[in-house]
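Chemist: build me a model from this:
(2 chains)
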Amino acid sequence: MINITLPDGSVRQYQEGVTSFEIAQSISEGLARNVLAAKVNDTVWDINRPINEDAAVQLLTWNDDLGKNTFWHSSAHLLAEALEELYPGIKFGIGPPIENGFYYDVDLGDRQFSQDDFAAVEKKMLELARNKSEFTRREVSKAEATDFFTEKGDEYKLDLIKDLADGTITFYTQGNFVDLCRGPHLPNTSFIKAAKLMNVAGAYWRGDEKRKQLTRIYGITFPKQKELTEYLERLEEAKKRDHRKLGKELELFTFSEKVGMGLPLWLPKGTLLRERLEQFLRKAQTRAGYQPVVTPHIASKELYVTSGHYEKYGADSFQPIKTPNEGEEFFLKPMNCPHHCEIYKTRPRSYKELPVRLAEFGTVYRYEQSGELHGLTRVRGFTQDDAHIFCRPDQVKEEFTKVIDLVLYVFKALGFNDYTAQISLRDPENKQKYIGADEAWEKAEAAIIEAAQEKELRTVTELGEAAFYGPKLDFMVKDALGRKWQLGTIQVDYNLPERFQLEYIGADNQKHRPVMLHRAPFGSLERFVAVLIEHCGGNFPIWLSPDQFAILPISEKYQEYAQQVKESLEQEDIRGYIDSRDEKIGRKIRDAEVSKVPYMLIVGEKEQENNAISVRKHGEGDLGSISVGEFIGMFKSKIAELLNN
RNA sequence: GCCUCCAUAGCUCAGCUGGUAGAGCAACUGACUUGUAAUCAGUAGGUCGUUGGUUCGAUUCCGACUGGGGGCUCCA
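Modeler: Residues are numbered from 1 along each chain as shown, chains lettered A, B, ... in the order given. Predicted coordinates:
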């Protein structure tokens, strides 16, 4: 008998060689029907694999990420089997599960594969799934594995096998399809009841652009048809929130072929939104002791030679601007920090005045690869809500904590509740890759971790993800389509103070080198606005909404009264417009609803007589008639509620 | 930058296998003077992204370019 420890801590005894499936059966029929894989100690296993010694076992179902992984991994094999049947002789790369589904990289030879072929493949997958083919695991020797794929002529699998150690290689077979695979897999294919191919794209073999490009086929599968339907509905919903679509509909921003790709043009409404965000952060930064500065859009090449960016990025940047004078070269500013270093250096600094916090909404230009551009989230010209904090080494932790506070304040005011903080530390194996003293790094890394803990952030720690000049903490959020974006960032920098020879005079009357922190709560205004649009589906918090009200006169007889109302509101800094078109009220309401104006103020005979307005809230409907003064009071207290948290 | 798909009126889209384009909305004009999600009628608007080629003839077929979508690579 062996002891099996379950996740609730209970221990059960089973015969040696018991499978996870049998364990599930012994617990409940329902569980046995739903179990997809099992975590045995720390490895995920097939549920029909015998367990021969004491172990901790966690049964995994569709509700576990690891269960889903197994489901989708097996689905990738099913996709491969279907493709092989339909297109004999094709070769296979890798086919892993991903966050939403799975993909398989295949070499289709000269064959074309497009969306038109999806239906046939989906049909074949479901047909094969119904065969209830078992996934059988088999350990093979390296020689056998090599022989198998040599005969099959699949150089990609051979390339993979080359890097595997003999004795650790396993094959999985379902139906007629044999694949090199570590597993685990579902017991059989019949669990897969719904399948949909999502996308085809090119992907280099092993992510190396010098190697052959394979066809990557993305798909997703579910244990129930209904779940697929729901998933597709969610995707439709997400598409409606796409910031590129809403940005156009709400007239926030646009792009012009003539201006150039990746260079957004902010329309009046988008500009209002942006300026309100800036004002909001400016205020918060003033409270937090930042000093605004302004620096030009171009700078002499020498600045970037000093900062080291020229050497590292010069060739991949927008190329220099030349003047009529021989040898003079200027670069479009790709970042604000070198300028801020020069501001710091403008006079000697005492330890007493540190930290110095210099803030700038600085517009920068970076030559991003054309294929990487995407709406407002990835552009070639953007404005960072940048600031650089120059402080003493002993102030790093406190400053870090203060920045986290600021970022959390911003997130909270804007309703971002779903974010994670990624802490990027250096690779402990490769310390020589990084600039700065070992001791300083250790201190800074500890400071970041402690600060994050104290603020109770949900964090993931990535070793080796630090920049060469210092560790960092990034706030990540997801957009409507589930893509992750980095918003706020806080980075420690040991490099620039060194390169710019920054100094302060310490209490000991000696020169010391300050530590520099880069930080940007929004990251860039462009990206932040994009994520915000998707986050709220275009229904901005009222303090940010470009038009905060729309006055809708019943007929043109009330135009004059509408104008009076508008002026009263504008005096209180509430912004909006009068819809004075010659249209029926129903039409005006509809158009205002579609354009997502938070408040519609209807004025007609009754309102004019009573010196009132009828308030209709976007998405909610008629709130009844109140005086303009009452409306102003309500409006202002709503904003205060959102901002003073 | 690479692979792949796409490009028709301001917007959303139709246009079968090649014979120089159509709808709805928006715009403009007129009528209606309106009470909580689209009043009616009329007018105007396109060298079918650009550019080569095939053809008697190209929005339609082929190539290149530009821009966009999806992905790969990269990201101070």
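Chemist: Three-state assignment for the nearest residue to residue A:539 once chain neighbours are set aside, please.
Modeler: Spatial nearest neighbour of residue A:539, chain neighbours left out: residue A:596 (5.5 Å); criterion: CB to CB, 6 or more residues apart in numbering. Bear in mind the C-beta positions are built from the backbone N, C-alpha and C, glycine included. Judged by DSSP: H, G, I helix; E, B strand; the rest coil, the three-state class of residue A:596 is coil.
Chemist: residue A:597 and residue A:359, how far apart?
Modeler: Distance of residue A:597 to residue A:359, computed by CB to CB, to the nearest Å: 32 Å.
Chemist: also residue A:518?
Modeler: Residue A:518 is 11 Å from residue A:359, by CB to CB.
Chemist: now swap in residue A:409 and tell me
Modeler: 15 Å.
Chemist: also residue A:506?
Modeler: 25 Å.
Chemist: show me which of those two is the more surrounded one.
Modeler: Under the criterion of other CB atoms under 10 Å, the comparison of residue A:506 against residue A:359 puts residue A:359 first, with 24 against 14.
Chemist: pretty sure the more buried one is touching residue A:292, no?
Modeler: Yes. Look at residue A:359 against residue A:292 with CB atoms under 8 Å: they come within range, at 5.3 Å.
Chemist: between those two, what contacts are shared?
Modeler: Residues touching both residue A:359 and residue A:292 by CB atoms under 8 Å, 6 or more residues apart in numbering: residue A:285.
Chemist: pLDDT score assigned to the residue positioned nearest the centre of chain A?
Modeler: For chain A, the residue sitting closest to the mean C-alpha position, by CA atoms, centre = their mean, is residue A:484 at 1.6 Å. In this model, residue A:484 is scored at 73, pLDDT.
Chemist: what's the neighbour count on the closest residue to residue A:419 other than its chain neighbours?
Modeler: Of all residues not flanking residue A:419 in the chain, residue A:477 sits nearest, at 4.7 Å (CB to CB, 6+ apart). Each residue near residue A:477 was counted by other CB under 10 Å, and the total is 22.
Chemist: return the distance of the residue nearest to residue A:539 relative to residue A:609.
Modeler: The value you get for residue A:596 to residue A:609, if CB to CB is used, is 31 Å.
Chemist: which of these two has more residues huddled nearby?
Modeler: The neighbour count for residue A:596 versus residue A:609, taken as other CB under 10 Å, is higher for residue A:596 (19 against 9).
Chemist: residues touching the more buried one, list them.
Modeler: A:250, A:538, A:539, A:540, A:545, A:618.
Chemist: any regions of chain A where pLDDT drops low?
Modeler: Filtered on pLDDT under 70, chain A yields the residue ranges A:479-483, A:645.
Chemist: quick one, domains of it?
Modeler: A:2-61, A:66-238, A:259-297+A:334-536, A:298-332, A:549-643 (automatic domain parsing).
Chemist: okay if I get those as TSV plus distance to RNA strand B?
Modeler: Formatted as TSV, the domains of chain A follow (distance: least, CB to the nearest atom of the strand, whole Å):
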stretch	distance to RNA strand B
domain A:2-61	23
domain A:66-238	3
domain A:259-297+A:334-536	2
domain A:298-332	4
domain A:549-643	2
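Chemist: would you list the phi and psi of the closest residue to residue A:57 other than its chain neighbours?
Modeler: Leaving aside its sequence neighbours, residue A:57 sits nearest to residue A:4 (CB to CB, 6+ apart; 5.1 Å). The phi and psi values for residue A:4, taken as degrees, to the nearest 10, are phi -110, psi 120.
Chemist: over to residue A:13?
Modeler: Torsion angles, degrees, to the nearest 10, at residue A:13: phi -100, psi 140.
Chemist: how near is it to residue A:54?
Modeler: 10 Å.
Chemist: what do the two both touch?
Modeler: Residues touching both residue A:13 and residue A:54 (CB under 8 Å, 6+ apart) are A:2, A:3, A:4.
Chemist: now which of those residues would you call buried?
Modeler: Neighbour-count burial (16 or more other CB atoms under 10 Å) is assigned, among the shared contacts of residue A:13 and residue A:54, to residue A:4.
Chemist: can I get the shared contacts of residue A:13 and residue A:54 in CSV including distance to residue A:102?
Modeler: Converted to CSV, the shared contacts of residue A:13 and residue A:54 look like this (distance: CB to CB, whole Å):
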residue, distance to residue A:102
A:2, 34
A:3, 35
A:4, 30
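Chemist: for the stretch 451-600 of chain A, just list every one of the helices.
Modeler: For the stretch 451-600 of chain A, the helices defined by DSSP state H, counting those that start in this stretch occupy A:495-499, A:525-536, A:559-571, A:585-594.
Chemist: so for residue A:129, which of the ones you listed sits nearest?
Modeler: Nearest of the helices of the stretch 451-600 of chain A to residue A:129, taken as CB to CB: helix A:525-536 at 34.6 Å.
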